[in-house]
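# below are the sequence and a predicted model for it; my questions follow.
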There are 2 protein chains.
Amino acid sequence: MDRMNEPVLARLQHLMTLREEVETLGAGPWTPAADWADGDAHLTLYLDVPGIDPERLEMHEDGGLLTVAGERAAPQGLLSAERPAGVFRRVLSFPREVLPQTGEAQLAGGVLTVRFQKKHPTIDVRADVQDMRDR
Amino acid sequence: MDRMNEPVLARLQHLMTLREEVETLGAGPWTPAADWADGDAHLTLYLDVPGIDPERLEMHEDGGLLTVAGERAAPQGLLSAERPAGVFRRVLSFPREVLPQTGEAQLAGGVLTVRFQKKHPTIDVRADVQDMRDR
C-alpha cells in the first residue's frame, strides 16, 4: 500500500512545488475580459486591461481577426496574488463585419476601447434610438 | 415522441430567453481581483477596477476589515459581454497588522492602490534590499 502510494505522493509534491512557483510569479497568464457593442455606424470593443503598460500594448488587425497583446508586471513582495500578471495575447473575431483598418483605439481608466466602422451601418437609426429612449 | 419533447423544448426556450436577458445586463456582479504586497514599512493592496467611476468608488476601514465598493455601467448595445458590470462590494482582511486609518489610496490606469502603515515594520531593511538586488 505504502509503496503504491509513493509515486502518487511524489507527483503531488511535484504539483505543489509547481503551484508554488506559479503563485510566486503572480496569478499566471491572463485573458482580459472583452465586450463587443453594436452601434448604428460603429462596432466597439471594450477590453479590461488595468495596470497595463501602454508602451507594451500592441494591436493589429489581419484577415478579419484582431490581435491584442500586452504586459503588466506583478507587484514586488506579493503575499497573495489574484490579479493576473505577465504577458497576455488575445485574438478576437469581429461579431459584425467591419471596414478593414478603421479601428480607433483609446486607453482610459484601464479599459481599452477600439471603435470600428461597420461595413453595413444599421438602418432605421432614428426609430431605434427613439425606441430605446421610450423604454 | 414529439409530445414528450415539447416540455423539454419549452424549457430550453425559456432558458435561452433567460440567458439572453442575463447577457443583455452584462456579465453580472463582479469581484475585482486583489493582490496584497508586503514592504518594509508598508502593506499595499492592489485592486483591479478598470472603467470604474471614481465618483462611485468607496472605501472604509472598520475593525480590521477593509471594504471597497464601486460601480461601473455596461456599454450600450452589447453583442457579447464578458466584462462584469454593475455594483461590486468587497470586504478584505489585512494579511499583516496595520496601523488603523493609515490607508493612502490612489486610482491610476484602472488599478486602485492603497498603502497602509504596518504595525510591525520589517527589521533588517538594508539586508533585505541588498539581498533582492543581488539575486
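Received the coordinates, thanks. Predicted model, so just to flag it, every value in this text is computed and none were measured.
# tell me the contacts of the residue of chain A found nearest chain B?
Chain B sits closest to A:G110 of chain A, with a gap of 1.5 Å, by CB to the nearest CB. Every residue, glycine included, has its C-beta placed from N, CA and C. A:G110 makes contact with A:D48, A:V49, A:P50, A:G51, A:I52, B:D48, B:V49, B:P50, B:G51, B:G109, B:G110, B:V111, according to CB atoms under 8 Å, 6 or more residues apart in numbering or on different chains.
# what of A:G70?
A:P32, A:V49, A:I52, A:D53, A:R56, A:L57, A:E58, A:V87, A:F88.
# checking A:T31 next. Helix, strand or coil?
coil (DSSP: H, G, I helix; E, B strand; the rest coil).
# how many neighbours does it have?
Using other CB atoms under 10 Å in any protein chain shown, A:T31 has 10 other residues around it.
# that one contacts A:L92, doesn't it?
No - counting by CB atoms under 8 Å, A:T31 does not reach A:L92; the two are 10.8 Å apart.
# residues making contact with stretch A:32-47?
A:48-49, A:66, A:68, A:70, A:88, A:90, A:92, A:94-96, A:98, A:111-118, A:121-122, A:125, A:128, B:26-27, B:51, B:74-84.
# report the buried members of the residues you listed.
Buried members of these, counted by 16 or more other CB atoms under 10 Å in any protein chain shown: A:48-49, A:66, A:68, A:70, A:88, A:90, A:92, A:94, A:98, A:111-116, A:118, B:26-27, B:51, B:74-75, B:77-78, B:81, B:83-84.
# next step: those restricted to helices.
If you go by DSSP state H, the buried ones among the contacts of stretch A:32-47 have nothing in helices.
# wait, a helix at A:V8?
Yes - according to three-state DSSP, A:V8 belongs to a helix.
# show the contacting residues for the closest residue to A:E104 other than its chain neighbours.
Once flanking residues are discounted, A:E104 sits nearest to A:R115: 4.9 Å by CB to CB, 6 or more residues apart in numbering or on different chains. Contacts for A:R115 (CB under 8 Å, 6+ apart) come out as A:H42, A:L43, A:T44, A:G103, A:E104.
# same thing with A:S93?
So, once contact is read as CB under 8 Å, 6+ apart, A:S93 ends up touching A:G64, A:L65, A:L66.
# what's the spacing between the last one and A:H60?
With distances defined as CB to CB, to the nearest Å, the gap from A:L66 to A:H60 amounts to 8 Å.
# circling back: spatially nearest residue to the residue of chain A closest to chain B (excluding sequence neighbours)?
Counting by CB to CB, 6+ apart, the residue nearest A:G110 is B:G110, at 1.5 Å.
# tell me the pLDDT at the one you found?
Looking at B:G110, its pLDDT reads 97.
# A:E21 too?
We have a pLDDT of 51 for A:E21.
# now swap in A:G28 and tell me
Among the per-residue scores, A:G28 holds a pLDDT of 51.
# now swap in A:I123 and tell me
A:I123 is given a pLDDT of 71.
# give the helix, strand or coil label for it.
With three-state DSSP as the criterion, A:I123 reads coil.
# could you measure from the most centrally placed residue in chain A over to B:R89?
What sits nearest the mean C-alpha location of chain A, by CA atoms, centre = their mean, is A:P32, with 2.3 Å. A:P32 sits 23 Å away from B:R89, going by CB to CB.
# please apply the same query to A:K118.
Per CB to CB, A:K118 is found 37 Å from B:R89.
# beta partners for A:D48?
A:V111 (DSSP bridges).
# and what of A:A69?
What pairs with A:A69, by the bridge criterion (DSSP bridges), is A:E58, A:R89.
# touching, it and A:G86? I think so.
No - the criterion here is CB under 8 Å, and A:A69 misses it with A:G86 at 11.5 Å.
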